[in-house]
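Participant: Let's see this in three dimensions:
(chains A and B)
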Number of protein chains: 2
Amino acid sequence: MKKEYILPAGFASAGIHAGIKKSGKPDAGLIYSSTPCRAVGFFTKNSLKSVHIRHAMKAVNGPIQAVFANSGSANVLTGKTGVTDLEAILKKAAEILLIKPSAMLGAATGKISKPLPLKNILANMEKLAGAISARDKSFPGAIMTTDTVEKYASDVITIGGKKVVICAAGKGAGMISPDMATMLVFCMTDAAIDRKLLRRAALEAVQSSFNRVTVDGDMSPNDTVYVLANGEAGNKEIKTQGTDYIKLKNALKGIFYSIAEDMVMDGEGATKFIKISISGAKTQAQAELVARRVANSQLVKTAFFGMSLNPGRIISAAGQTFADFNPEKAVLKFNGRTALSGGRLDEKNRVAAEKELKKRRIELELNLANGKYGCYLLTSDLSYDYVKINADYN
Amino acid sequence: MKKEYILPAGFASAGIHAGIKKSGKPDAGLIYSSTPCRAVGFFTKNSLKSVHIRHAMKAVNGPIQAVFANSGSANVLTGKTGVTDLEAILKKAAEILLIKPSAMLGAATGKISKPLPLKNILANMEKLAGAISARDKSFPGAIMTTDTVEKYASDVITIGGKKVVICAAGKGAGMISPDMATMLVFCMTDAAIDRKLLRRAALEAVQSSFNRVTVDGDMSPNDTVYVLANGEAGNKEIKTQGTDYIKLKNALKGIFYSIAEDMVMDGEGATKFIKISISGAKTQAQAELVARRVANSQLVKTAFFGMSLNPGRIISAAGQTFADFNPEKAVLKFNGRTALSGGRLDEKNRVAAEKELKKRRIELELNLANGKYGCYLLTSDLSYDYVKINADYN
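Facilitator: Numbers count the residues shown, from 1 in each chain, chains lettered A, B, ... in the order given. Next up is the predicted model:
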């Protein structure tokens, strides 16, 4: 796995400024495959869903050949205009690319309730389609909002003697535009694989990466992961969960986890990358509850920002979940240094534990000492800049 | 109901500095009744409970004559020392007050894992007990931590021709010390009332006040509400849920709601007081879920701090609960001004709605248009100062 944006065989992409963002920065991206792809999509569970998701939930089942993505407007709560805008955009792109409109998917991120500047987008579609290239590096930049770095990764594996490339570009967790947390991921591969198996492998990769990320506990109406497979690598189609399937799945997992880490590292205002590892829970559900409550506690997040040793806030957050554990028996460690055990601060390790909190990467291990279940979550701290980004934008 | 601290007949109190806070500010308070009280208590549901709560959950059932309260240390995660410290404190106070130790309750707020300075407290107990007075005004100040104002209210009602006084002092929601959210409330009345009815009336008052407050969604290990009734008003004991009961209950409700409002107004770093009113929910549980998710969303809270019109964040927060509603049908108002309806911003009212957001008090009304259930919550915004108070305290 490499942190590079290398397109698989048959894919081309581009990113340009299409008059959506006032800043003049890139805000429209296009992905194109020379042959139709099997596609799968994973979407936000929020009852409030962007226009593109409501469209894609059906469209993704057909053969897909291109994806139009924009930043600058989330196309959410835009009424009927939002729906006709998306239709017009996909139709225009399909015309220029000489494909059916039904072979198009959309994706959007940015401010909620801000209508798309349709005229600008349509006027720039020729330019965007003309810019696509198999050596493109501009797509990942066009989907950024409050992201400060581009996020992508790729891998090259061998399946049945054939070189198979998998590549994904993503944009950040943490609120985006200045309006809403949005995670968008576009994954492309030239592998030939049965669609059901593609979905299964991608789902497993999503669950161990993007579904283990929380920056602020706020779920966006736009969260989308697309995976497109065009089969141009020429491998014998993967039809079973054998070695080839596992190879591909592991590559997807590595790429997705890398992008998920990048999203947390680049979380809005984040100064810390925190891996929360829960163990010793009585049930899997309790492990999850504790991990999410600790990760999303404002008290815990501000303590990490302040780099202060605050085991009480963590045990107290865990205690709010009504998970079955005895706070007196729980053990809490930071980067392997015990901070709390036996119901009180571990004074012997205090200096060592405090030192770990100054680091950029912190693993918080909480053993509830009451069972065999565990899980992890990736999160960030709560800083002045988080408040600034999300309060100051009038 | 008046925002005054007027002790009922037979009660006396005091607050002094007893060497717990380094600042030298008042940190120890004592409440005393000349006759034993019927007492009821309501405690945090956090699995992590302070030493005083673990003690009081049993002790509160016996006749109670005095309460010792301290700020500066929460006496949580203090190991066995915390337990023996509390025992020694209650024993010492009981000795001086010439009552049984079993007639004492404790209460604590402040930093977690910080041991109590037992020696200082014991050395100051004579002074504290000597300071108690029926005209005291110093108790409410002694229980403050990051509170910026004292919080109390009282009411005088007539029951069976007798004057009955109810008075309560409280301390804030929002994190306290600089370590943990703690809400402590001490309510005293000279009413004669059956203990079961006292509990019932107080529970209803707690549910419509303190249980409707959320500053940051973090539940403290120390939250405590005590209600003590000594019967010295000389009214005929309230034994049924008749007029007298209702009078007393309503007085309790008014006092508790007033203190709950004060807690939110004085929430850590708060610049806004926000009443969130949900209506049109399909079930009561869904109304509650939506209210809590909206109130605790970092995105919503930072938008209020920024005084920016952000209906999308609110609808998106509601949508995360999986409550049954159609975002296109929901109606959102700020102080009666419609901000969103029909799935898009109400542009006509935009300026008026934005003006409301500049005010200190804001009522957010969200009608989910899918049923008859509703509820309200009181909350505050998320500001730089919140982050500062909870991050900077090493």
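Participant: count of residues packed around A:K196?
Facilitator: Residues lying near A:K196 (other CB atoms under 10 Å in any protein chain shown) number 11. All C-beta spots, glycine's among them, are computed from the backbone N, C-alpha and C.
Participant: I'd guess it is in a helix, am I close?
Facilitator: Yes: assessed by DSSP: H, G, I helix; E, B strand; the rest coil, A:K196 belongs to a helix.
Participant: For chain B, see how far away it is.
Facilitator: In this view, A:K196 and chain B are 27 Å apart by CB to the nearest CB, to the nearest Å.
Participant: again, but for A:L197
Facilitator: 29 Å.
Participant: For the closest residue to A:P101 other than its chain neighbours, pull up the helix or strand it's in.
Facilitator: The spatially closest residue to A:P101, leaving aside those adjacent along the chain, is A:A94, at 4.2 Å (CB to CB, 6 or more residues apart in numbering or on different chains). Using DSSP states H and E, A:A94 sits within helix A:79-97.
Participant: buried sites along that helix?
Facilitator: A:G82, A:D85, A:L86, A:I89, A:L90, A:K92, A:A93, A:A94, A:L97 (16 or more other CB atoms under 10 Å in any protein chain shown).
Participant: Tell me how far the fifth one lies from chain B.
Facilitator: Using CB to the nearest CB, one obtains 21 Å as the distance from A:L90 to chain B.
Participant: The third one now?
Facilitator: Distance, A:L86 to chain B, using CB to the nearest CB: 15 Å.
Participant: Surely that residue and A:H55 touch.
Facilitator: Yes: shown here, A:L86 and A:H55 form a contact pair, counting by CB atoms under 8 Å, at 6.0 Å.
Participant: In stretch A:237-255, which residues are buried?
Facilitator: A:I238, A:D244, A:Y245, A:K247, A:L248, A:K249, A:N250, A:A251, A:L252, A:K253, A:G254, A:I255.
Participant: Including secondary structure and pLDDT, could the residues you listed go into TSV?
Facilitator: Converted to TSV, the buried residues of stretch A:237-255 look like this (DSSP: H, G, I helix; E, B strand; the rest coil; pLDDT from 0 to 100):
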residue	secondary structure	pLDDT
A:I238	strand	98
A:D244	helix	98
A:Y245	helix	98
A:K247	helix	98
A:L248	helix	98
A:K249	helix	98
A:N250	helix	98
A:A251	helix	98
A:L252	helix	98
A:K253	helix	98
A:G254	helix	98
A:I255	helix	98
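Participant: Check these one by one and keep those near chain B.
Facilitator: When CB under 8 Å from any CB of the partner chain is applied, no member of those is adjacent to chain B.
Participant: Between these, which sits nearest A:V149?
Facilitator: A:I255 (16.4 Å; CB to CB).
Participant: what sits opposite the closest residue to the closest one other than its chain neighbours in the beta ladder?
Facilitator: Closest residue to A:I255 in three dimensions, ignoring its sequence neighbours and counting by CB to CB, 6+ apart: A:A153, at 4.5 Å. Beta-bridge partners of A:A153, counted by DSSP bridges, are A:A168.
Participant: Pull the contacting residues for A:A153.
Facilitator: By CB atoms under 8 Å, 6 or more residues apart in numbering or on different chains, the contact list for A:A153 reads A:M1, A:K2, A:K3, A:E4, A:C167, A:A168, A:G254, A:I255, A:S258, A:I259.
Participant: how about the residues of the stretch 251-394 of chain A near chain B?
Facilitator: Counting by CB under 8 Å from any CB, the positions of the stretch 251-394 of chain A adjacent to chain B are A:297-299, A:302-303, A:305-308, A:310-313, A:315-323, A:325, A:327, A:340, A:342-345, A:382-384, A:386-388, A:390-394.
Participant: Give the ChimeraX command for selecting the buried subset of those.
Facilitator: Typed into ChimeraX, the next command selects the buried ones out of those (criterion: 16+ other CB under 10 Å):
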select /A:297,298,299,302,303,305,306,307,308,310,311,312,313,315,316,317,318,319,320,321,323,325,327,340,343,344,345,382,383,384,386,387,388,390,391
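Participant: Could you tell me which of the residues of the stretch 251-394 of chain A next to chain B belong to strands?
Facilitator: Of those, the ones assigned to strands by DSSP state E are A:L340, A:R344, A:L345.
Participant: Now do stretch A:54-67, average pLDDT.
Facilitator: Mean pLDDT, stretch A:54-67: 97.
Participant: Does chain B have contacts with that stretch?
Facilitator: No: Stretch A:54-67 is not in contact with chain B by CB under 8 Å from any CB; minimum separation 11.0 Å.
Participant: what's in contact with that stretch?
Facilitator: So stretch A:54-67 is contacted by A:30-33, A:35-41, A:43, A:83, A:86, A:90, A:93-94, A:97, A:99, A:102-107, A:186, A:224, A:226, A:228 (CB under 8 Å, 6+ apart).
Participant: Can you select the buried ones from those in PyMOL?
Facilitator: Here is the PyMOL selection string for the buried members of those, based on 16+ other CB under 10 Å:
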select buried, chain A and resi 30+31+32+33+36+37+38+39+40+41+43+86+90+93+94+97+99+103+104+105+106+107+186+224+226+228
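Participant: So which of the contacts of stretch A:54-67 are in strands?
Facilitator: Per DSSP E, the contacts of stretch A:54-67 map to strands at A:30-33, A:35-41, A:43, A:104-107, A:186, A:224, A:226, A:228.
Participant: which regions of chain A lie under the pLDDT threshold?
Facilitator: A:173-181, A:392-394 (pLDDT under 70).
Participant: Show me where it has its helices.
Facilitator: Secondary structure of chain A (DSSP state H): helices at A:51-59, A:79-97, A:118-123, A:125-131, A:139-142, A:195-207, A:243-265, A:284-296, A:298-305, A:311-319, A:350-356, A:384-391.
Participant: what inclination does the longest one have with respect to helix A:195-207?
Facilitator: Spelled out, it's helix A:243-265. 30 degrees (axes from the mean of the first three to the mean of the last three CA atoms, to 10 degrees).
Participant: elements contacting helix A:243-265?
Facilitator: On a contact count with 3 or more CB pairs under 8 Å, 6 or more residues apart in numbering or on different chains; DSSP states H and E, helix A:243-265 meets strand A:151-159, strand A:162-171, strand A:184-189, helix A:195-207, strand A:213-214, strand A:273-281, strand A:373-380.
Participant: how about 6 Å then?
Facilitator: strand A:151-159, strand A:162-171, helix A:195-207 (3 or more CB pairs under 6 Å, 6 or more residues apart in numbering or on different chains; DSSP states H and E).
Participant: Can you tell me which of these is most buried?
Facilitator: For the helices and strands packed on helix A:243-265, ranked by mean neighbour count under the definition mean count of other CB atoms under 10 Å in any protein chain shown, the leader is strand A:162-171 at a mean of 24.
Participant: Using PDB, write down the CA coordinates of that one.
Facilitator: Provided in PDB are the C-alpha atoms of strand A:162-171 (Å, rounded to 0.1, in the frame of the first residue of the first chain):
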ATOM      1  CA  LYS A 162      -2.300 -10.400 -13.600                       C
ATOM      2  CA  LYS A 163      -1.400  -7.000 -12.100                       C
ATOM      3  CA  VAL A 164      -4.400  -5.600 -10.300                       C
ATOM      4  CA  VAL A 165      -4.500  -2.000  -9.200                       C
ATOM      5  CA  ILE A 166      -6.800  -0.600  -6.400                       C
ATOM      6  CA  CYS A 167      -6.900   3.100  -5.800                       C
ATOM      7  CA  ALA A 168      -9.000   5.400  -3.600                       C
ATOM      8  CA  ALA A 169      -9.400   9.100  -2.900                       C
ATOM      9  CA  GLY A 170     -11.200  10.400   0.100                       C
ATOM     10  CA  LYS A 171     -12.200  13.600   1.900                       C
END
